[in-house]
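>>> All I have is the shape, not the residue letters:
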């Protein structure tokens with residue numbers, strides 16, 4: 001047969017009305033099948049998209065949870081840094097006070113040694 005799909009060897013006008021109705025029904029059935037196939041494909045694509053969206057939402061929730069955890073950790077680290085800075089400041093004040101006390105003790109020692117040397121000289125002159 002030299003016919004192609006959807007075409008007959010006879011012209012449309014020469015076919016009987018029942019034949020034309022049959023061809024129209026076949027075309028309508030073919031169009032319905034194509035429409036149903038497209039609708040099923042669209043539903044599958046929608047389901048894939050919903051699944052993909054759900055996976056992305058779950059990943060986003062996990063990232064948000066991690067971010068909250070890291071922010072809390074950072075807050076804790078900052079609080080510890082503030083405490084450490086206060087401790088360092090306190091230690092610096094105590095070190096400065098110790099340095100001042102040590103300098104005063106050295107000055108007192110030098111003065112005491114000078115007094116002792118002067119007393120020794122005076123005693124030596126007194127004996128002589």
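Thanks, I have the structure now. What you are looking at is a predicted structure, and each value in this text was computed from that prediction instead of being measured.
>>> and the most centrally placed residue in the chain, what helix or strand is that in?
Nearest residue to the geometric centre of the chain (Cα atoms, centre = their mean): residue 67, 5.1 Å. According to DSSP states H and E, residue 67 maps onto helix 17-127.
>>> and that helix, what's its mean pLDDT?
What helix 17-127 shows for mean pLDDT is 95.
>>> Centre of the chain to that helix, how far?
Helix 17-127 sits 9 Å away from the centroid of its parent chain (Cα atoms, centre = their mean, to the nearest Å).
>>> One more: stretch 16-36?
On Cα atoms, centre = their mean, the centre of stretch 16-36 falls 58 Å from the chain's centre.
>>> What is the neighbour count of residue 110?
10 (other Cβ atoms under 10 Å). Every C-beta, even on glycine, is put in place using the N, C-alpha and C of the backbone.
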